[in-house]
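Visitor: Got a predicted model here, sequence first, then my questions.
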Amino acid sequence: GQQLNQSPQSMFIQEGEDVSMNCTSSSIFNTWLWYKQEPGEGPVLLIALYKAGELTSNGRLTAQFGITRKDSFLNISASIPSDVGIYFCAGQQGTYKYIFGTGTRLKVLA
Amino acid sequence: DTGVSQDPRHKITKRGQNVTFRCDPISEHNRLYWYRQTLGQGPEFLTYFQNEAQLEKSRLLSDRFSAERPKGSFSTLEIQRTEQGDSAMYLCASSPKGPETQYFGPGTRLLVL
């Protein structure tokens, strides 16, 4: 099935560092959702974005809806060990269908 | 806990058997989604319900798959004549009216032997 491109695919960072990841598509989306998933569990919603250019924060997490509506960005500031997991973006295609990204695997070194 | 629940959490079955999974969405969420996730991939959309109406089905949903939401509350996903390629995590998500915010359940992990 179709999946969005996420970058980077994986990253190791030191505790306390800031993290940036992005999601890109050739299609325009109306909504972007960012999720975190841990092994054996369902994705947990982190941030929802509804308008081009929108910048939204949730604690140490900040996400932006790209101006072109074809991309989105997620930043995590001052990473901590519990930030470990897989981060997925999801773009709304059409009215009901969501396309997920390939995921960014984050590992934090204490 | 008032989150999305799914049952069973794990299912092991032999090829050719039928399986059925259940999803209970968050109370009063009128939108319900089913996804499939294989190892190392993001979730892939299968189908969408608004109340009891199934409004969207992915081409991934072959004739062996059927989903229902008879009373607009819980939903079931049935796979008939399972194949080894059906082995995956099956995720359910629900969303309230208004701006889209999908909340996922813990998933049902299916292994077809």
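Guide: Received the coordinates, thanks. Numbering: from 1, shown residues only, chains lettered A, B, ... in the order given.

Visitor: wait, what's in contact with residue 107?
Guide: Picking chain A for this. By CB atoms under 8 Å, 6 or more residues apart in numbering or on different chains, residue A:107 lies in contact with A:10-13, A:84. For the C-beta atoms, the positions are set from N, CA and C on the backbone; glycine is no exception.

Visitor: think we crossed wires, I meant chain B
Guide: Residue B:107 sits next to A:40-42, B:6, B:9, B:37, B:89-92 when contact means CB under 8 Å, 6+ apart.

Visitor: Can you turn the buried part of the contacts of residue A:107 into a ChimeraX selection?
Guide: Of these, the buried ones go into a single ChimeraX selection, burial set by 16 or more other CB atoms under 10 Å in any protein chain shown:
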select /A:11
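
Visitor: Got phi/psi on residue A:9?
Guide: Note on residue A:9: backbone dihedrals following degrees, to the nearest 10 are phi -70, psi -40.

Visitor: For the chain, give me the ranges with low pLDDT.
Guide: No chain in the question, so chain A it is. For chain A, residues meeting the criterion pLDDT under 70 lie at A:1.

Visitor: Chain B, not that one
Guide: B:1.

Visitor: Chain A contacts on chain B?
Guide: Residues of chain B found near chain A (CB under 8 Å from any CB of the partner chain) are B:4, B:6, B:31, B:33, B:35, B:40-45, B:48, B:50, B:55-56, B:58, B:60, B:91, B:93, B:99-107, B:109.
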